[in-house]
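Chemist: Only the shape, not the letters, is given here:
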């Protein structure tokens, strides 16, 4: 994919940077602009660079591929996982919990297993990912009332991936692979 933003032309899969904590633990993937901001703010050290460059009036810089934070950032991965639409999609792996098909996030909705009109709460154990069609069929009824089967019981997740990558690990730069675990689910951001 080619990005011509700002007059520069880049292969977008090669212009993102993997940001590591001071402990070398992967935190996130950022675009090249954010990577340059972190670098100029003095918050990171460049461990690897891409071949692509960006030009200013006076300087030429190679785009960072891997950045390591100077200061350790505490993560909340092992404590509280925020209840949000995106995290529910990730928990349910972007599958409708009724028809079991995988969808793009724009084609998904959230469904109350026990509808709010019947006293259902908005929490991890009552909300599931649902496609628009199944949500319309189910309406304000429970799955049993609608004659639908829930694929799996919604639970409070014990973990979610810390790094969300916009491309598959096979498309990621080779230099990233030693920092990324192959068990990290790849999701669209």
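Modeler: In hand now; what should we look at? Bear in mind that the values here come from a model prediction, so they are computed numbers and not experimental data.
Chemist: Please give the centre-to-centre distance between stretch 87-95 and its chain.
Modeler: 10 Å (Cα atoms, centre = their mean, to the nearest Å).
Chemist: got the buried residues for that stretch?
Modeler: For stretch 87-95, a neighbour-count test (16 or more other Cβ atoms under 10 Å) marks 88-92, 94-95 as buried. In short, each C-beta sits where N, CA and C put it, glycine included.
Chemist: pLDDT averaged over that stretch - what is it?
Modeler: For stretch 87-95, mean pLDDT is 91.
Chemist: do stretch 40-53 as well
Modeler: Rounded mean pLDDT across stretch 40-53 is 93.
Chemist: Can you show me the helices along this protein?
Modeler: If DSSP state H is used as the criterion, the helices of the chain fall at 32-40, 85-91, 132-138, 143-146, 174-177.
Chemist: Now flag whichever of the buried residues of stretch 87-95 is closest to residue 61.
Modeler: Checking those against residue 61 by Cβ to Cβ gives residue 90 as the nearest, at 33.9 Å.
Chemist: Break the protein down into its domains, please.
Modeler: Per automatic domain parsing, the domain ranges recorded for the chain read 2-75+162-177, 85-146.
Chemist: from the chain's centre, how far out does the first one sit?
Modeler: Same thing as domain 2-75+162-177. 16 Å.
Chemist: Now flag whichever of the buried residues of stretch 87-95 is closest to residue 27.
Modeler: The nearest member of the buried residues of stretch 87-95 to residue 27, counting by Cβ to Cβ, is residue 90 at 16.3 Å.
Chemist: so where's this protein uncertain?
Modeler: 1-14, 76-80, 160-171, 181-189 (pLDDT under 70).
Chemist: Against the centre of it, work out the most remote residue.
Modeler: In terms of distance from the mean C-alpha position of the chain, residue 58 ranks first, at 36.0 Å (Cα atoms, centre = their mean).
Chemist: for it, what are its contacts?
Modeler: Applying Cβ atoms under 8 Å, 6 or more residues apart in numbering, we find residue 58 in contact with no residue.
Chemist: Distance check, it against residue 143.
Modeler: Plainly put, residue 58 is 64 Å away from residue 143 if you go by Cβ to Cβ, to the nearest Å.
Chemist: Wait, residue 124 touches residue 83, no?
Modeler: Yes: assessed by Cβ atoms under 8 Å, residue 124 is found in contact with residue 83 at 6.0 Å.
Chemist: the more surrounded of the two?
Modeler: Remark: of residue 124 and residue 83, residue 124 carries more neighbours, 16 against 13, as counted by other Cβ atoms under 10 Å.
Chemist: Now do the contacts for that one.
Modeler: Counting by Cβ under 8 Å, 6+ apart, residue 124 makes contact with 83, 88, 91, 154-157.
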